[in-house]
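Engineer: Got a predicted structure here, sequence first:
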Amino acid sequence: MNLNRNGTPGKLEDNIDMRNYLFFLLLFTQCTHAPLYELKVEQGSGSGIYEAGKAVSISPQLDGALRFVAWEGATEVLPQPLLAVQAFDMPAKDISLSAYGLPMGQFSFKYEILPIFKQNCALNGCHLDSNRLTNFTDYASVTVSFSKIQQYLLSGFMPLNRVIAAADKNAILSWIDSGMPNN
């Protein structure tokens, strides 16, 4: 017995039309649906399934005792990974991002302290590729000289011919005082 769309007895032609309709509907939806990619955002908002090229916004959601420091993970998609609120176009791949935070008063070597050294100290003729001075380009080279760094910052001797911002100087000294965590 053949049934119509509403379940009542009908002609064979109606059944064939319904099958054709479902076939073309399935074909159409498969041909017009763009691939979807997953965005996982840990300790933040913006997780979801998106088409490539879709504008996406993320923001950190950290424990109240933490301050935002940087985004970690697939940061190549972010215009500025050190900014909390981000907008970017979803790439054609699944990605994961995580908001990284630290308690107030603690500093990240990777995201906050090393950039200060690179901007003020790891320069040609000073602490970059020098035969006579320690290079300040990574954690090991900075920590091996921490007592001299502390002494020279406090005396104003370093950086030579430059003025380091008071906030940057205080960040380095606080980082040293907190045991120089490699974070």
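Structural biologist: Good, I have the coordinates. Residues are numbered from 1 along each chain as shown.
Engineer: Quick check: residue 44 touching residue 66?
Structural biologist: No - assessed by Cβ atoms under 8 Å, residue 44 is found out of contact with residue 66, at 11.9 Å. Bear in mind the C-beta positions are built from the backbone N, C-alpha and C, glycine included.
Engineer: how far away is residue 96 from residue 40?
Structural biologist: Note on residue 96: its distance to residue 40, by Cβ to Cβ, to the nearest Å, is 4 Å.
Engineer: Revised request: answer the last question for residue 55.
Structural biologist: In terms of Cβ to Cβ, residue 55 sits 18 Å off from residue 40.
Engineer: between these two, who's got more neighbours?
Structural biologist: Each of residue 55 and residue 40 has its neighbours counted (other Cβ atoms under 10 Å); residue 40 has more, 15 against 9.
Engineer: Wait, a helix at the more buried one?
Structural biologist: No - assigned with DSSP: H, G, I helix; E, B strand; the rest coil, residue 40 falls outside any helix and is strand.
Engineer: contacting residues for it?
Structural biologist: For residue 40, the contact set (Cβ atoms under 8 Å, 6 or more residues apart in numbering) comprises 47, 94-97.
Engineer: Mind checking which of those residues are buried?
Structural biologist: Neighbour counting by 16 or more other Cβ atoms under 10 Å classes 95, 97 among these as buried.
Engineer: Show me the shaky parts of this protein.
Structural biologist: Counting by pLDDT under 70, the low-confidence segments of the chain come to 1-33, 122-123, 125, 128-132.
Engineer: burial of the closest residue to residue 182 other than its chain neighbours, as a residue count?
Structural biologist: Among residues not flanking residue 182 along the chain, residue 139 sits closest, at 5.0 Å (Cβ to Cβ, 6 or more residues apart in numbering). Using other Cβ under 10 Å, residue 139 has 15 neighbouring residues.
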